[in-house]
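Novice: Have a look at this fold, sequence not included:
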């Protein structure tokens, strides 16, 4: 994988690729290169020739904005590097380094463009700064970036990859605020969360299609005429994908004779199915649209000059481009939409437990009175409850700091962190549905297999289901991995 940064084309998908790459010392397995740095160079040269008060360069910061200083570079970095909590994962740190390097190249920070080369070097060699979890509220990732700057200066040790024998990346960060005035860590988390949640939602369409097949749900709600009548983009994508999959999944599957188990035959030709099927394109499609909107908002900021002051047109512009309201609002909406999609997955799981929909024994057991897959509902409901908790909006809060000078906050940092945390419970919800749908299909047509279910254990006796859930998560992860964004 080779990525050339130029300050204009960074996407959530590329952040995901670089963040998850595991550089091997001495190789270029995940090569990040710096392209044109002309805009950054112009801003840097301009910043060096500015006269008069410039926030953070000739003045203090925050409530000290009116205090003139000769040089606060190193002191500013040392005083702002105090985060708390456990270090973030190397993946998240790599995402931050990538975003900040790209932002520097976008121009406007006044930072030496050589910093972008140093960050690319760290990425290529697998070095990450020991950034801690807590220390930002959506007005700039000051603690994370100050720690990174001190790593570049050699005052704080990088986290080095195993087997790396060369010297750590070094660079003299001349202008402290020009480097740390950014939400790069928040945007890195947001990019990872948006990409991974979108990928899981796309995989979730394939999972739901198996449930459609398992209960012989009506395809009428998926019809092109229905979608054309209400042309939301995500809705159309979802309906088209299920329409594409259903013929192959249905195959020649025949319901077993319910009377053999003392069951009531399921209704055939149902006029309307439950919402988990009938409204699936509308709900799941809305979630895709919300995640798409969030990804676009994140990508704007990853390729923008969100600097204060902004160095442009030969002067310093003091401004509020750093404020994260657009990101926080988009991520709040996206997480709420994910809950909607996951809740429908849980309702489909419930129908898969019902003989009236499957024509099989309760809970897809292999003998009457056994528990079968009953416990999957508890697991899925637990994961769904976690998703609801993570979907609580952050944009209803605020904060006042630094003697009242900084009197509002967007909390996009918390919104991004929660988006990343939502990946695991969403995957678990979908895995529970897949395990049940796969068993139902197998019971109806024992020889029928497909790409998303063939790795699951075909045994139907009561047993510990941990391995089944984990296998389903792996299969869903593989399907999500094919999503290119």
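Specialist: Yep, it's here. Keep in mind the model is a prediction, meaning the values are calculated, not measured.
Novice: per-domain residue ranges of this structure.
Specialist: Following automatic domain parsing, one gets these domains for the chain: 2-182, 190-481.
Novice: What's the first helix or strand after the helix ranked longest in the chain?
Specialist: Scanning the chain for the longest helix, with DSSP state H as the assignment, gives helix 184-214. On the C-terminal side of helix 184-214, the nearest following helix or strand under DSSP states H and E is helix 224-229.
Novice: need the contact list for the residue most central in space within the chain.
Specialist: Residue closest to the average C-alpha location in the chain (C-alpha atoms, centre = their mean): residue 193, at 1.1 Å. Residue 193 makes contact with 331, 416, 418-420, 422-423, according to C-beta atoms under 8 Å, 6 or more residues apart in numbering. No exception for glycine: its C-beta is placed from N, CA and C like everyone else's.
Novice: Out of those residues, which is nearest to residue 155?
Specialist: The shortest gap between residue 155 and any of the contacts of residue 193 belongs to residue 416, at 27.5 Å (C-beta to C-beta).
Novice: where does the stretch 201-350 of the chain have low pLDDT?
Specialist: For the stretch 201-350 of the chain, applying pLDDT under 70 flags the ranges 250-269.
Novice: Could you pull out the strands in it for me?
Specialist: For the stretch 201-350 of the chain, the strands defined by DSSP state E, counting those that start in this stretch occupy 310-312, 315-317.
Novice: my guess is residue 436 contacts residue 379, does it?
Specialist: No: with contact taken as C-beta atoms under 8 Å, residue 436 and residue 379 are classed as non-touching, separated by 11.0 Å.
Novice: Between the two, tell me which one has more neighbours.
Specialist: Each of residue 436 and residue 379 has its neighbours counted (other C-beta atoms under 10 Å); residue 436 has more, 29 against 19.
Novice: what's the neighbour count on the closest residue in space to the more buried one that isn't next to it in sequence?
Specialist: Nearest residue to residue 436, sequence neighbours excluded (C-beta to C-beta, 6 or more residues apart in numbering): residue 352, at 4.2 Å. Per other C-beta under 10 Å, the neighbour tally for residue 352 reads 27.
Novice: repeat for the one 5 residues further on
Specialist: Other residues near residue 357 number 23, with proximity taken as other C-beta under 10 Å.
Novice: Can you give me the buried ones in whichever strand or helix holds residue 44?
Specialist: Element membership for residue 44 (DSSP H and E) is helix 38-48. For helix 38-48, the buried set under the neighbour-count rule, 16 or more other C-beta atoms under 10 Å, comprises 39-40, 42-44, 46-47.
Novice: From the chain's centroid, how far away is that helix?
Specialist: Between the centre of helix 38-48 and the centre of its chain there are 33 Å (C-alpha atoms, centre = their mean, to the nearest Å).
Novice: for the record, mean pLDDT for it?
Specialist: The average pLDDT within helix 38-48 is 85.
Novice: Tell me which helix or strand comes right after that helix.
Specialist: With elements assigned by DSSP H and E, the helix or strand that comes after helix 38-48 is helix 73-80.
Novice: got the buried residues for that following helix?
Specialist: Those buried within helix 73-80 under the rule 16+ other C-beta under 10 Å are 73, 76-78, 80.
Novice: Rebuild those residues as a markdown table, extending it with distance to residue 91.
Specialist: Listed next are the buried residues of helix 73-80 as a markdown table, based on distance: C-beta to C-beta, whole Å:
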| residue | distance to residue 91 |
| --- | --- |
| 73 | 30 |
| 76 | 28 |
| 77 | 24 |
| 78 | 27 |
| 80 | 24 |
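Novice: nearest to residue 280, of these?
Specialist: Using C-beta to C-beta, residue 80 comes nearest to residue 280 of the buried residues of helix 73-80, at 47.8 Å.
Novice: I'd guessed that closest one sits against residue 180; true?
Specialist: Yes: applying C-beta under 8 Å as the test, residue 80 and residue 180 come out as touching, 6.4 Å apart.
Novice: Common neighbours of these two, please.
Specialist: Taking C-beta under 8 Å, 6+ apart as the contact rule, residue 80 and residue 180 both touch 142, 146.
Novice: What's the end-to-end length of stretch 78-87?
Specialist: The straight-line separation of the ends of stretch 78-87 (C-alpha to C-alpha, to the nearest Å) is 18 Å.
Novice: so where's the stretch 51-200 of the chain shaky on pLDDT?
Specialist: In the stretch 51-200 of the chain, residues with pLDDT under 70: 52, 54-56, 58-72, 165, 174.
Novice: In terms of helices and strands, where is residue 469?
Specialist: helix 466-481.
Novice: contacting residues around that helix?
Specialist: By C-beta under 8 Å, 6+ apart, the residues outside helix 466-481 that reach it are 196, 199-200, 202-204, 206-207, 376, 379, 427-428, 430-432, 434-435, 438, 452-453, 455-457.
Novice: gap between the longest helix of the chain and the chain center?
Specialist: Remark: helix 184-214 is offset 8 Å from the chain centroid, using C-alpha atoms, centre = their mean.
Novice: now for the helix or strand harbouring residue 146, which elements pack on it?
Specialist: Using DSSP H and E, the element containing residue 146 is helix 142-153. The contact analysis (3 or more C-beta pairs under 8 Å, 6 or more residues apart in numbering; DSSP states H and E) places helix 142-153 against helix 73-80, helix 90-106, strand 132-134, helix 176-180, helix 184-214.
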